[in-house]
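A.B. asks: Just the structure for this:
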Amino acid sequence: GKLLLGHDVRLVNVTYHTTIRRATVLAAEGKRVVIFADCPYGPLRDDVDSKGTFVAYTAQGFSSEEQRTLLYLLVLAAKAGARVVITNGTFEGNVEAYKRAGFAVRMTRESRAVNSDIGGRESVECLLAFGGGRYD
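C.D. replies: Residues are numbered from 1 along each chain as shown. Below is the predicted model:
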């Protein structure tokens, strides 16, 4: 709470579509914008095995189409000047898709603490993609 005092901060409950579009407008106006998207891990392609996904945050899930829409919106935001960072799984085609979209991609290992079987809590390989923005 104290960190927000004296700053123009508003908390809103809207879709990621709305959030990224608003951030894109601000970036295009020259505002310094950072977008961090920790989306549900899943493939961008429909023909890829979805084993290992974690996309059931809501009843609607987070389909491959949603993954592609998110990537498209983040590309627009980056082109408008926003700094963009996104995490996702290393499913077939994902790394290539982020690279084709102009993002730098690094591989990371992340521990997974959410599993009903304590023995199943292990680290997994993930991608970290970033790009766009002014770095002054």
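A.B. asks: Residue 61 belongs to a helix?
C.D. replies: No - applying DSSP: H, G, I helix; E, B strand; the rest coil, one finds residue 61 to be coil, outside a helix.
A.B. asks: what's the pLDDT at it?
C.D. replies: At residue 61, the predicted lDDT confidence score is 72.
A.B. asks: repeat for residue 42
C.D. replies: 75.
A.B. asks: Likewise for residue 105?
C.D. replies: Note on residue 105: pLDDT of 95.
A.B. asks: So what touches the host helix or strand of it?
C.D. replies: Take DSSP states H and E as the rule and residue 105 turns out to sit in strand 104-111. Strand 104-111 is contacted from outside by 87, 90, 95, 98-99, 121-131, using C-beta atoms under 8 Å, 6 or more residues apart in numbering. (Each C-beta comes from the backbone N, C-alpha and C, glycine too.)
A.B. asks: let's see it at 7 Å
C.D. replies: 90, 95, 98-99, 123-131 (C-beta atoms under 7 Å, 6 or more residues apart in numbering).
A.B. asks: can you pull the contacts of the residue sitting nearest the centre point of the chain?
C.D. replies: In the chain, the centroid-proximal residue (C-alpha atoms, centre = their mean) is residue 37; its distance is 2.8 Å. Counting by C-beta under 7 Å, 6+ apart, residue 37 makes contact with 70, 74, 86.
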